[in-house]
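Q: Show me how the following folds:
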Amino acid sequence: MALEEPAIIVVSGVQGAGKSTVARALAERFSRAVHIEADTLQRMIVSGGEWTTEPGEPPGEAARQLRLRLRNACLLARSFFDAGFTAVVDDIIIGERFDDLRADLAGLPFRLVVLAPDVETAIARDAARDYTVGEEWARYLDEEQRKTMAGSGLWVDSSGQTAAETVEEVMSRLRDEGLVESEAS
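A: Numbers count the residues shown, from 1 in each chain. Next up is the predicted model:
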């Protein structure tokens, strides 16, 4: 994968894994790229928005909005990809969301990068932010990620790395690892 070829790259991981920071820095490595941050899409809902508030499967409307956010992230990724940009999407992709991602990107190969620092590192990073979700979320999502996503994508244990070091590792491995065939269109 040359830096000039458009691609779709999805960066996943638990809260505090560094998804947004790494995704933005990764996008900066390409000659034409965009960073699509799922949380930003969620915040676009100015009234009636419902965030998932507890670990586990989100209920009703929160689940629908979570699904809508992923669908719209993929629509944006397709649009930018079709225009010759590399689209770097960041979101939490776990379990059924991986099937949804593959369906939303039907007909397009993409690369999946799973940031998987140890859970204590993720908790510490999350605690240093303005908005935190806490230890309960980190432990739940880490367990689910490791259970439902094992063997999918390019996994990076970024526990002892800076964001720049993680991006370097991803760039050095991305050409040969992480390719996912989406569903047929």
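Q: show me what contacts the closest residue to Leu41 other than its chain neighbours?
A: Spatial nearest neighbour of Leu41, chain neighbours left out: Arg69 (4.8 Å); criterion: Cβ to Cβ, 6 or more residues apart in numbering. C-beta here means a position set from N, CA and C on the backbone, and glycine is covered the same way. Counting by Cβ atoms under 8 Å, 6 or more residues apart in numbering, Arg69 touches 38, 41-42, 91.
Q: Kindly reformat the residues you listed as a markdown table containing neighbour count and pLDDT.
A: Formatted as a markdown table, the contacts of Arg69 follow (neighbours: other Cβ atoms under 10 Å; pLDDT from 0 to 100):
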| residue | neighbour count | pLDDT |
| --- | --- | --- |
| Ala38 | 22 | 91 |
| Leu41 | 19 | 88 |
| Gln42 | 19 | 84 |
| Asp91 | 25 | 95 |
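Q: Specify which member of those is nearest to Arg97.
A: Among the contacts of Arg69, Asp91 lies closest to Arg97 (Cβ to Cβ), at 7.7 Å.
Q: Distance of the closest one relative to Val10?
A: Per Cβ to Cβ, to the nearest Å, Asp91 is found 7 Å from Val10.
Q: How about Met44?
A: 19 Å.
Q: neighbour count winner among those two?
A: Between Met44 and Val10, counted using other Cβ atoms under 10 Å, Val10 has the larger neighbour count: 29 against 9.
Q: what's the more buried one sitting at in phi/psi?
A: Backbone torsions of Val10, given as degrees, to the nearest 10, read phi -110, psi 120.
Q: hang on, isn't it packed against Leu108?
A: No: in this structure Val10 lies outside contact range of Leu108 using Cβ atoms under 8 Å: 11.2 Å.
Q: All the helices of this structure, in order from the start?
A: 19-27, 38-43, 60-82, 96-104, 119-127, 135-148, 163-174 (DSSP state H).
Q: ok, and which of these has the densest surroundings?
A: helix 19-27 (a mean of 22; mean count of other Cβ atoms under 10 Å).
Q: For that one, name the packing helices and strands.
A: In terms of contacts (3 or more Cβ pairs under 8 Å, 6 or more residues apart in numbering; DSSP states H and E), helix 19-27 is packed against strand 8-13, strand 33-37, strand 86-90, strand 110-115, helix 163-174.
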